[in-house]
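1. A predicted structure for the sequence below; I have some questions about it.
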Amino acid sequence: MTAARDLFLVANTTDELGGVTAWTHQMARLFRSAGHRVHVIGVHESDLKMAVPEAPDYPVTALYATHPPTPRPLRGVRRFSVPARRRESRRIAAKKQAVARLDALLGPAPAGSVVVVTQVWPMEWLREIDTSHLKVIGMSHESFAYSRACHRYHWVKRHYPHVDRWLALTREDADLWTAEGLDNVDVMPNALAHLPAIPSPRTDKVVASIGRLADQKGVDMLLDTWAKVAPLRADWQLHVYGAGADEPQLRSQCAELGLDGSVKWQGRTDDVPAALAASSVFVQSSRGEGFPLALMEAMASAVPCAAFDCAPGVREIVRDGEDGLLAPVGDIDALADRLLRLTGNPRMRDAMGERARVNVQRFSEERVLEMWEDLFALLER
């Protein structure tokens with residue numbers, strides 16, 4: 001029996017539609033089931049909300065009602081702009097209030113309580129309060145390469161050397177961060193949230209894509225890929241599940257490619273298992289990923305996957321040629337080839353789907369929870 005702890009999961013948001021939010025509430029429920037006291041904290045509430053599967057039995061707090069304004073230095077002519085100076089004053093005052101709210105939540109926590117920062121951005125607030133009595137764990141839910149290509153690389157370098165441990169999703173990524181000079185890096189994979197009692201029968205001629213309609217998810221590349229597949233698989237459909245700011249452009253692209261007859265825009269879904277049960281192949285066309293939950297959920301449903309090999313987490317989940325097929329990231333012809341192979345060969349599809357369902361269980365919640373408990377115990381020493 002493990003000792004009960006006070007755990008705080010601190011994320012960008014507590015309710016945004018996306019994989020990190022799903023992971024946050026999945027882990028909150030898992031930690032609660034293990035007897036820990038859990039509080040989920042987000043920097044702000046989101047506009048595009050995710051439906052939490054069940055009412056949480058743990059407190060959930062947002063520091064801001066909406067996305068806080070981005071700091072803009074008062075340089076040049078902005079130094080003399082009264083509206084700009086007022087906006088900056090309001091931003092600073094609001095941040096002080098948010099920091100005070102965070103301090104009121106974490107300050108009274110018992111010594112040794114654990115704060116898990118699920119994304120690096122909340123460190124901007126966390127580092128303004130006294131956390132000396134807490135154990136702070138930082139996380140990134142994207143690959144080293146994807147962080148390296150954007151501003152979050154510098155945030156990680158600035159903030160995560162100061163935490164007790166910071167967790168990459170794979171050993172490959174952890175080694176890359178260690179080579180950058182961080183000596184507190186460890187590894188923690190995401191956990192498989194659900195193993196359906198009955199796998200997909202793989203009888204419907206449907207390829208499914210599930211994810212936000214945003215640049216990172218590469219649905220534009222998926223449509224270009226499907227334009228190569230559809231003429232050769234006239235009896236198959238591509239079902240796109242998700243919502244996001246890019247939807248109008250993607251629908252326009254779909255129409256221009258002449259794919260309206262074979263692409264179905266299913267909108268966001270709060271029942272991923274049902275969507276996968278009605279699918280025979282899963283496709284992931286992301287430009288960048290961390291340790292994608294949707295990929296694991298598809299495999300758990302015995303739905304074989306074709307995916308861009310866009311991150312170490314993808315190739316750690318999918319064993320190429322055994323339980324799914326990978327294509328070089330951004331190679332539309334190669335992804336089309338993988339989809340044609342899976343849609344055209346029922347025997348391969350069934351064999352890979354069944355192996356996927358077995359293999360993905362190495363990331364079961366029980367195993368990942370054991371890894372977390374080992375980490376908590378290590379930090380107590």
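-> Arrived safely. Numbering: from 1, shown residues only.

2. Tell me which helix or strand comes right after the top helix by length along the chain.
-> The helix that spans the most residues within the chain, counting by DSSP state H, is helix 82-106. With elements assigned by DSSP states H and E, the helix or strand that comes after helix 82-106 is strand 114-117.

3. What strands line up against that next one, and which way round?
-> Applying DSSP bridges, strand 114-117 is found paired with strand 6-13 (parallel), strand 135-139 (parallel).

4. which other helices and strands contact the helix or strand that it is followed by?
-> Later in the chain than strand 114-117, the nearest helix or strand by DSSP H and E is helix 123-126. Helices and strands touching helix 123-126, by 3 or more Cβ pairs under 8 Å, 6 or more residues apart in numbering; DSSP states H and E, are helix 82-106, strand 114-117, helix 152-159. Heads up, the C-betas are built off the backbone N, CA and C, glycines and all.

5. Now the longest helix of the chain: buried residues?
-> Of all the residues in helix 82-106, those buried under the rule 16 or more other Cβ atoms under 10 Å are 88, 95, 98, 99, 101, 102, 103, 105, 106.

6. still on that earlier bit, would you reformat the helices and strands packed on helix 123-126 as JSON lines and include mean pLDDT and distance to residue 207?
-> Converted to JSON lines, the helices and strands packed on helix 123-126 look like this (pLDDT from 0 to 100; distance: least, Cβ to Cβ, whole Å):
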{"stretch": "helix 82-106", "mean pLDDT": "92", "distance to residue 207": "43"}
{"stretch": "strand 114-117", "mean pLDDT": "98", "distance to residue 207": "35"}
{"stretch": "helix 152-159", "mean pLDDT": "96", "distance to residue 207": "31"}
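
7. With distance to residue 13 added, can I get these in JSON lines?
-> Below are the helices and strands packed on helix 123-126 laid out as JSON lines (distance: least, Cβ to Cβ, whole Å):
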{"stretch": "helix 82-106", "distance to residue 13": "13"}
{"stretch": "strand 114-117", "distance to residue 13": "13"}
{"stretch": "helix 152-159", "distance to residue 13": "16"}
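
8. any idea how far the longest helix of the chain is from the chain center?
-> In terms of Cα atoms, centre = their mean, to the nearest Å, the centre of helix 82-106 is set 28 Å apart from its chain centre.

9. Could you tell me the angle between that helix and strand 135-139?
-> Helix 82-106 and strand 135-139 are oriented at 130 degrees to each other (axes from the mean of the first three to the mean of the last three Cα atoms, to 10 degrees).

10. who's in contact with helix 82-106?
-> Residues from elsewhere that reach helix 82-106, judged by Cβ atoms under 8 Å, 6 or more residues apart in numbering: 8, 39, 41, 43, 61, 63-64, 68-69, 71-72, 74, 78-79, 113, 115, 125-126, 128-131, 134.

11. all strands of the stretch 251-381 of the chain, in order?
-> Using DSSP state E, counting those that start in this stretch, the strands of the stretch 251-381 of the chain run over residues 263-267, 281-284, 305-309, 324-328.
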